[in-house]
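Chemist: Give me a 3D structure for the following:
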Amino acid sequence: MDQNSIILYSIIVAVLIGVPLLISRKTGIKPTEMLLGKMADRGIFKSKKDDAQGDKPKERRQTNSNRNDMLDLISRLATYARRNHFRLIVPGTLSCGDEMAVLTALVITRCGVVGINCFGFGGRVVAESGGKDWTQIMNGTQTAFPSPVTKNRNQEALVRRVLEAVGYPAAEAEVIGVFTSPSVWLSNTAGTNCYTKEEAMKVLRGDAYLRDGGLDPKALEAVLQPRIIRANSKEETDRTAVEK
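Modeler: Okay, here's the model as predicted:
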């Protein structure tokens, strides 16, 4: 290092040390407090005690599902059906004599038909056994609503009757409930066939639904066509697709 460089570095060091000392004499603030004070303002050295005494973060308000949440599920189901060469019917409304099986969607696999029944409840959803009403706890409010299991089983029975009527009595029929709200937290729902969106898609990717039962999804869709009831408008689709 030449002499000029040594002189330059000496001047820099003198400035970095001397200026804070000079300001300290004028203001009474220690040089270290000048630096750490700035960092504290930026939250770098903010303590847990400061967090406790400062403003508490606002809790995120939980919400029920909206139409976009349902459309996200439909998009996932469409991708799932396409990749596995299944057939997807949306909405999954089938005529069964004087009754209708009203579902968000029907997925026709190589084993049978899986009905998707959407529910838009957010917050914490607590399941009750024995056909009792379930409970929604959201934003400090507790609300009872009819058991999704009861509805799913009723719709499942109608789908089975339709399959028998069109000549597919051996095809499997199952209806699963899907809670589409991103804020939902399901409690005590094991064995109910009710899931969050992520859980439902994981279940559908399991071997039980992907196995080859010798069924031609396209052929079954063709014979179901006369039974499929199409929505007359977007509003009708929204009304029948998600239970809230």
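Chemist: residues in contact with stretch 119-127?
Modeler: Outside stretch 119-127, the residues that touch it by Cβ atoms under 8 Å, 6 or more residues apart in numbering are 62-66, 69-70, 134-139, 145, 147-149, 177-189, 192, 194, 242-244. All C-beta spots, glycine's among them, are computed from the backbone N, C-alpha and C.
Chemist: Skipping its backbone neighbours, what lies nearest residue 201 in space?
Modeler: residue 76 (5.6 Å; Cβ to Cβ, 6 or more residues apart in numbering).
Chemist: May I ask which helix or strand encompasses the one you found?
Modeler: Assigning secondary structure by DSSP states H and E places residue 76 in helix 67-83.
Chemist: Summarise which helices and strands that helix is packed against.
Modeler: Identification of packing neighbours for helix 67-83 by 3 or more Cβ pairs under 8 Å, 6 or more residues apart in numbering; DSSP states H and E yields strand 87-89, strand 105-108, strand 112-119, helix 197-204.
Chemist: Would you mind listing the buried residues in that helix?
Modeler: Within helix 67-83, the residues that qualify as buried are 69-70, 73-74, 77, 80-81, counting by 16 or more other Cβ atoms under 10 Å.
Chemist: My guess is the residue nearest to residue 201 contacts residue 198. True?
Modeler: No: taking contact to mean Cβ atoms under 8 Å, the distance of 9.4 Å between residue 76 and residue 198 leaves them out of contact.
Chemist: which secondary structure element contains residue 159?
Modeler: Element membership for residue 159, per DSSP H and E: helix 148-165.
Chemist: For that helix, list every residue counted as buried.
Modeler: Across helix 148-165, burial judged by 16+ other Cβ under 10 Å covers 148-149, 151-152, 155-156, 158-163, 165.
Chemist: Compare the helices and strands packed on helix 67-83 and give me the one nearest residue 222.
Modeler: Go through those one by one with Cβ to Cβ and the one that ends up closest to residue 222 is strand 87-89, at 9.4 Å.
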